[in-house]
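# here is a sequence with its predicted model. Questions after.
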Amino acid sequence: MDLRALLEQPTEVERDAVDSLLGPAEPFNGRVMFGGHSARQQRHLLLPALHAVQDATGTVTRGALGYISERLTVPPAEAYGVATFYALFDVDSAGGSKAHVCDDIVCAQAGAEDLCSRLEADGVEYERSPCLGQCDRAPAVMYHRPGTGYGVSAPVAADTAGVFGFDDLSPGVVHQEASELRLLRRVGVVDPTSIDAYIESGGFQTLAKAKELGPEAVIEELKMSGLRGRGGAAFPIGIKWEGVRDAPGDEKYVIANGDESEPGTFKDRLVMEGDPFAVVEAMAIYGYVTGATQGYIYVRGEYPTAEKRLLAAVRQAAAAGFLDNFDLEVRRGAGAYICGEETALFASIEGHRGEPRQKPPFPTTHGVFQKPTGINNIETLVATLEVVANGGEAFARIGTDQSTGPKLFCVSGAVSNPGVFEVEFGTTLGELLDLAGGISGGSGFGAVLMGGAAGVFADESALDVPLTFEHTREAGTTMGSGAIVFFDDQTDFTAVLRRIAQFFRDESCGQCVPCRIGTVRQEEALARIGSGAALGSIEEEKVRLDDLALVMTDASICGLGQTAASAIQSAMRLGLA
Amino acid sequence: MSVKATIDGQEVTVPEGTSILDACTQLGTDIPTFCYGPTITPANACRVCMVEVEGSRVLVPSCSRALEEGMVVKTGTERAEHSRRLVLELLGSASELDRSSDEVHGWIEEYGADSSRFGPDAETVAQPAKVQDDLYVRDYERCILCYKCVDACGVDHQNTFAITVAGRGFDAHISTEFDVTLPDSACVYCGNCIAVCPTGALEGKIAWDMKEAGTWDADAQEVTRTVCSYCGVGCNLDIHTQDGRIVDVTSPLDHEVTLGNLCIKGRFGWSFVHAGASEPEGAAGGTGS
Ligand SMILES: Cc1cc2nc3c(=O)[nH]c(=O)nc-3n(C[C@H](O)[C@H](O)[C@H](O)COP(=O)(O)O)c2cc1C
Ligand code: SF4
Ligand code: SF4
Ligand code: SF4
Ligand code: FES
Ligand code: FES
């Protein structure tokens, strides 16, 4: 493979940004590159390299992309395909500072449209963004200043100057008493930037205990605990870890999925920002138990504080000798909801477009780099610390038979006191609403969206349903990622549904037809209904929407397309639109 | 090792690793495909080949899933047919399928696919054709994003990597880096992408010109098999002639050595044949350089 390079040259700033990641380059003057095998093995550095130039300049120019292609021996066309996949890479733009304004379903309730108008009037460069995972502090803005970095403004101050003016490094707020909590007990209490503080609070004792018990015993405890995945699929964790441990091969990987991009979900952010060492400790145990010597923490690109905290935590933990024989790396996403899907996440780490792959084969045997891989949600990982520390049996006593342990819920929207709440499985949705202070502003209950954009709308009857895997399934709702968004009785649900449809349209990877085109047709139909311009009758529109829902659910490759009609269909059933 | 399974009530035994699609073909069951091709690793993207597999919550792509021991496959269920119809409707609503094969038009009819049901304002991939040289045209309003050309240019055959899928979602499209023209890209004009394109989105310049002018008449054409005379490899050429003139050159995909691939000389280096004579009706400009 002889690759042809682009003609444009990188600027000094771009070259320095790439070289600071990859090291100084060998001299290169021609138009044909011979990077060879060793350079090609660095393909996985494509996203970090693109981030490096985007961070430094606010854009990815031809010269920069060409230079990256040359350094990594990636065909320029492919590098271009990757760069244009991710929303946070501004390919071939003018660069400079930029605000990403969330106009998703929660921020829309909190005045996102007004904010956009003000920015427009003030001539501030901005782009609309899907949920930024700050729904408890809506409306939210993420901004980028080249050379300085990313920051989050939430809630945004009334003047537009506030959009670029606020560096959020405060630990997240937990509304409950630390003494009542297991998963969140250190958040907001223990300094998340100091390994000494973590150790003082009992940190890294669980890792020591795991090593005392040995891998098999840890897996036994996990099985006994009944712990199931918190990322949405609810897979039994003991079986997953055992599968990775038993998979043939010496080269294995473990991954912490911190891509959290489901609208209405922000629990993993709170954990990563407020208790990063716990994530690191859980990953060290994961590696030890499965035999993986390399781990990745994949953090959503819109979570700059989480990334900073985790980088610092990994560095300190390694220096203190807690990561022996285990290489743990923090990887940053770049604006793609789909990269939370495990196989798309693998592709992203490998330096490819975040396109999901066909399963089977499953990650346990064919994961990242086609090697056996264990991947878990951030909350799941922190829950494994509970299991190892206190024993599987004690964990299983919390919650119900089939839904064991504590669970984090992200409550936002039309409530007085939005935030992350840790409760035991079996708590009802109504009790959770009480914890969040009830419906805000003296309005009545309109509807609740459970599980985010990929979830299900429910009416007031859902308030009595205990939050467990089994009860929500029976009631036809879902817990999904733990997102619970309340809407009051003044809500224009047609607009909400249209925003949800737009989310899937924007976030589809584009690989398969039912999802790539189906999400567009779904959004078009909702737009027509919303503007009173139905094609034929409303009934005909509904038949069309049902047909689209069925083909997306039945024939899409991955969960994104398979759930892209879920919330909309449930809202139709409730007569919300 | 072989596996035994049931397809539409019939027992089949096939070698391990055989796809459901290949097993169906052996039984004479026709299943529509777009992104599958005999010479290409299926991208598993179009999802028109879906079948029902007992025990599976969702439908299964027959081109990309191997038949497994004891599998019970049903190809003609209501759900499977619904998915195929919708995929055909969705594709037809976004892309021009008019120059796809007769087979494709047959499926559209068979499944009763009506792509007009999404209305006159349904967003499409309509765009001007990219005519950047005298050899071939990229007419992407006909592209269904089957990934075949990308794989032919890349890992499956040519290893040139001149084109890729760029963008995301409905904006995903085939492109060179920064959309530079083909002459400015890594393209070596082998035309092996043209050979696998199922919709006429990639087409030799003369054939494309004639189709645009309405003078292309496949029924009036003769195909003559010969061997390329440029080098010693011995690639087979199919010379398509209409009214005594060459209008296209292809290569049989089932050739065991070349799999239908050629180089620029074999595929495009024939304009000298008609040097000095007038162009066929509808064809603007010559070929070869
Ligand atoms: C479209 C899509 C997005 C997803 N996003 C996330 C995510 O952001 N975080 C996450 O943990 N899991 C996400 N998942 C689920 C993962 O694929 C995977 O099941 C999960 O990380 C496994 O971890 P667990 O077993 O601990 O739940 C997503 C799935 C789909 C289909
Ligand atoms: S369902 Fe959507 S997101 Fe998933 S692979 Fe298909 S196009 Fe991509
Ligand atoms: S003609 Fe050959 S090199 Fe050019 S894009 Fe097509 S397959 Fe790639
Ligand atoms: S140009 Fe042709 S081969 Fe390439 S993706 Fe489009 S339809 Fe497929
Ligand atoms: S941060 Fe705006 S909706 Fe979540
Ligand atoms: S032919 Fe099977 S998915 Fe396209």
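Yes, it's here. Ligands and ions are numbered 1, 2, ... in the order given.

# show me what contacts residue B:143?
B:95, B:125, B:173, B:174, B:199, B:201 (Cβ atoms under 8 Å, 6 or more residues apart in numbering or on different chains). In short, each C-beta sits where N, CA and C put it, glycine included.

# closest to ligand 6 out of the residues you listed?
In terms of Cβ to the nearest ligand atom, no member of these lies closer to ligand 6 than residue B:199, at 12.9 Å.

# ok, the residue of the stretch 101-250 of chain A found nearest ligand 1 - contacts?
At 2.3 Å from ligand 1, residue A:229 is the closest residue in the stretch 101-250 of chain A, using Cβ to the nearest ligand atom. Taking Cβ under 8 Å, 6+ apart, we find residue A:229 in contact with A:235, A:236, A:237, A:240, A:376, A:377, A:380.

# excluding its backbone neighbours, what's nearest it?
residue A:235 (4.6 Å; Cβ to Cβ, 6 or more residues apart in numbering or on different chains).

# with residue A:266 instead?
Residue A:266 sits nearest to residue A:133 (Cβ to Cβ, 6+ apart), 4.5 Å away.

# equivalent analysis for residue B:70, please.
The nearest residue in space to residue B:70 (Cβ to Cβ, 6+ apart) is residue B:5, at 6.3 Å.

# the helices in the stretch 1-150 of chain A, which residues?
Here the stretch 1-150 of chain A has its helices, by DSSP state H, counting those that start in this stretch, at A:12-22, A:36-40, A:46-57, A:62-72, A:76-83, A:105-109, A:112-122.

# out of the contacts of residue B:143, who's the most crowded?
When neighbours are counted by other Cβ atoms under 10 Å in any protein chain shown, residue B:201 leads the contacts of residue B:143 with 26 neighbours.

# my guess is it meets residue B:139, correct?
Yes: in this structure, residue B:201 is within contact of residue B:139 by Cβ atoms under 8 Å, at 5.3 Å.

# residues from chain A in reach of ligand 5?
A:102, A:104-107, A:131-135, A:138, A:140, A:263 (Cβ under 6 Å from any ligand atom).

# ok, now with 8 Å
A:102-108, A:110, A:112, A:129-135, A:137-140, A:154, A:263-264, A:266, A:412 (Cβ under 8 Å from any ligand atom).

# can you give me the helices for the stretch 151-300 of chain A?
Using DSSP H, counting those that start in this stretch, helices in the stretch 151-300 of chain A cover A:161-164, A:195-200, A:205-213, A:215-225, A:237-246, A:267-274, A:276-290.

# any idea which of these is most buried?
helix A:267-274 (a mean of 28; mean count of other Cβ atoms under 10 Å in any protein chain shown).

# which parts of the stretch 1-150 of chain B sit against ligand 6?
Within the stretch 1-150 of chain B, the positions near ligand 6 by Cβ under 8 Å from any ligand atom are B:21, B:32-36, B:42-50, B:61-64, B:146.

# run a quick neighbour tally on the closest residue to residue A:119 other than its chain neighbours.
The shortest distance from residue A:119 to any non-neighbouring residue, by Cβ to Cβ, 6+ apart, is to residue A:126 (4.9 Å). As a burial measure, residue A:126 scores 20 neighbours (other Cβ under 10 Å).

# now the helices for the stretch 451-577 of chain A?
A:469-474, A:493-507, A:513-530, A:538-555, A:559-563, A:566-573.

# what packs against the third one?
The criterion is 3 or more Cβ pairs under 8 Å, 6 or more residues apart in numbering or on different chains; DSSP states H and E, and the helices and strands that helix A:513-530 contacts are helix A:493-507, helix A:538-555, helix A:559-563, helix B:78-94.

# which elements pack onto the third one?
Just to be clear, that refers to helix A:559-563. Using 3+ Cβ pairs under 8 Å, 6+ apart: helix A:559-563 touches helix A:493-507, helix A:513-530, helix A:538-555.

# ranking those by burial, who's on top?
helix A:513-530 (a mean of 25).

# tell me where the model's unsure across the chain.
The chain I'm using is chain A. Applying pLDDT under 70 to chain A picks out residues A:1-5, A:27-40, A:157-172.

# let me rephrase: I mean chain B.
Checking chain B against pLDDT under 70 turns up B:276-289.

# who are the contact partners of the residue sitting nearest the centre point of it?
The centre of chain B sits closest to residue B:198, judged by Cα atoms, centre = their mean, with a distance of 2.4 Å. The contact partners of residue B:198, by Cβ under 8 Å, 6+ apart, come to B:34, B:37, B:100, B:101, B:104, B:144, B:146, B:148.

# show me which residues of the stretch 351-500 of chain A sit near ligand 1.
A:356, A:375, A:376, A:377, A:378, A:379, A:380, A:381, A:454, A:481.

# neighbour count, secondary structure and distance to residue B:77 added to these, as CSV?
Shown next, in CSV, are those (neighbours: other Cβ atoms under 10 Å in any protein chain shown; DSSP: H, G, I helix; E, B strand; the rest coil; distance: Cβ to Cβ, whole Å):
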residue, neighbour count, secondary structure, distance to residue B:77
A:356, 25, coil, 25
A:375, 25, strand, 33
A:376, 26, strand, 36
A:377, 26, strand, 35
A:378, 30, helix, 40
A:379, 27, helix, 39
A:380, 23, helix, 36
A:381, 27, helix, 41
A:454, 24, helix, 26
A:481, 29, coil, 32
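
# please go through the residues you listed and note which also touch ligand 2.
Answer for those near ligand 2 (Cβ under 8 Å from any ligand atom): residue A:356.

# pick out the residue in chain B sitting closest to ligand 1.
residue B:58 (12.3 Å).

# circling back: in a helix, that's where the residue nearest to the centre of chain B is, yeah?
No: Residue B:198: not assigned to a helix; according to DSSP: H, G, I helix; E, B strand; the rest coil it is coil.

# related to what we said a few turns ago, the residue nearest to residue A:266 contacts residue A:304, doesn't it?
No: the pair residue A:133 and residue A:304 does not pass the contact test of Cβ under 8 Å, sitting 11.3 Å apart.

# neighbour-wise, which of these two wins?
Each of residue A:133 and residue A:304 has its neighbours counted (other Cβ under 10 Å); residue A:133 has more, 30 against 22.

# burial check on the residue of the stretch 51-200 of chain A found nearest ligand 4, number of neighbours?
Closest to ligand 4 within the stretch 51-200 of chain A is residue A:81: 12.6 Å, counting by Cβ to the nearest ligand atom. Neighbour count of residue A:81, defined by other Cβ under 10 Å: 27.

# quick one: contacts for the closest residue to it other than its chain neighbours?
Ranked by Cβ to Cβ, 6+ apart and with sequence neighbours excluded, the top spatial neighbour of residue A:81 is residue B:164, at 3.6 Å. Residues in contact with residue B:164 (Cβ under 8 Å, 6+ apart) are A:75, A:77, A:78, A:80, A:81, B:150, B:154, B:174, B:175, B:176, B:177.

# now residue B:67
Residue B:67 neighbours (Cβ under 8 Å, 6+ apart): B:3, B:5, B:12, B:14, B:18, B:19, B:20, B:23, B:73.

# give me the subset of those that lies in strands.
Among those, the residues falling in strands (DSSP state E) are B:3, B:5, B:12, B:14, B:73.

# I am finished for the moment; much appreciated.
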